[in-house]
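A.B. asks: sharing a model that was predicted from the sequence below.
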Amino acid sequence: MALALAGCGGGGGHQAKTVSDARAIPQGTTATPASPTPPKPQVKPPSTTGAKPTIVQKPIPFPPKRKAEMAAYAKRHYGIDSYKLTNPHVIVEHWTATPSFTATYDTFAPDVPDVELHELPGVCSHFVIDTDGTIYQLVPLNLMCRHTVGLNYTAIGIEHVGNSDDAVLGNPRVLRSSLALTNWLRCKYGIRVQDVIGHNESLTSPYHMERVARLKNQTHGDMRKASMNIYRGKLSKLSCG
Ligand SMILES: [Zn+2]
């Protein structure tokens with residue numbers, strides 16, 4: 001069930017997949033020497049200036065009830081009585097385990113208890129990047145969102161539609177958009193490259209904080225250290241202009 005596998009607290013989570021080849025040739029680039037079709041257009045590299053990329057606004061409902069639930073969650077888990085995300089220090093990269101942007105949106109929009117931890121508010125992420133590289137923003141940057149246990153009080157969440165780390169690293173359009181979005185955000189907030197992490201790295205973040213005992217070691221399998229080392233290597237080559 002897609003819901004049960006949705007990233008960011010969707011539940012039970014991401015399967016422990018091996019990153020077989022992070023530099024794999026993306027699907028759809030099969031060579032056809034005799035074909036008259038023109039070569040695929042090259043994917044432009046991400047901006048090296050920290051400029052804001054094109055973002056499609058697709059907000060999920062975040063009415064006062066959800067904000068109050070977010071504040072109560074922050075109080076329980078972090079001892080912070082607020083639903084507001086201020087001065088974020090971390091960016092967490094995820095993949096969705098859902099097959100499309102629509103399915104991802106439909107997972108995050110309803111304010112219902114998540115299937116893994118059975119808590120309110122519903123899980124969400126600030127951004128979702130579709131398989132064609134389109135960047136959607138679902139939640140304003142000044143609101144906390146439930147995507148990573150232990151870090152929601154200070155982390156911006158970026159989801160990528162797909163089922164593996166390679167769905168991010170092996171799809172040039174997704175990777176280009178992801179790096180552009182992440183670089184813009186890290187430049188905007190002064191977030192260090194080392195604090196751009198994969199969900200699977202959450203427990204080793206110096207910002208990890210969790211007051212609920214049964215969740216102190218909880219994480220998911222998406223975006224592992226080996227993948228994020230490649231990602232951070234690319235990100236570190238981009239400047240803030
Ligand atoms: Zn995740």
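C.D. replies: Received it, and whenever you're ready, just let me know what you need. Numbering: from 1, shown residues only.

A.B. asks: all contacts plus neighbour counts: C-alpha atoms, from now on.
C.D. replies: OK.

A.B. asks: what's the separation between the nearest residue to residue 95 once chain neighbours are set aside and residue 204?
C.D. replies: Nearest residue to residue 95, sequence neighbours excluded (Cα to Cα, 6 or more residues apart in numbering): residue 160, at 4.5 Å. Per Cα to Cα, to the nearest Å, residue 160 is found 22 Å from residue 204.

A.B. asks: those two: which is more packed in?
C.D. replies: Legend: neighbour count by other Cα atoms under 10 Å for residue 160 and residue 204, higher for residue 160 (29 against 9).

A.B. asks: pretty sure that one contacts residue 98?
C.D. replies: No: using Cα atoms under 8 Å, residue 160 makes no contact with residue 98, being 9.4 Å away.

A.B. asks: helix/strand/coil for residue 94?
C.D. replies: Per DSSP: H, G, I helix; E, B strand; the rest coil, the secondary structure class of residue 94 is strand.

A.B. asks: can you tell me how far it is from residue 81?
C.D. replies: Taking Cα to Cα, one finds residue 94 at 26 Å from residue 81.

A.B. asks: neighbour-wise, which of these two wins?
C.D. replies: More crowded of residue 94 and residue 81, by other Cα under 10 Å: residue 94, with 33 against 14.

A.B. asks: was I right about the more buried one contacting residue 199?
C.D. replies: Yes: checked against Cα under 8 Å, the pair residue 94 and residue 199 is within contact range at 5.8 Å.

A.B. asks: alright, I will stop here.
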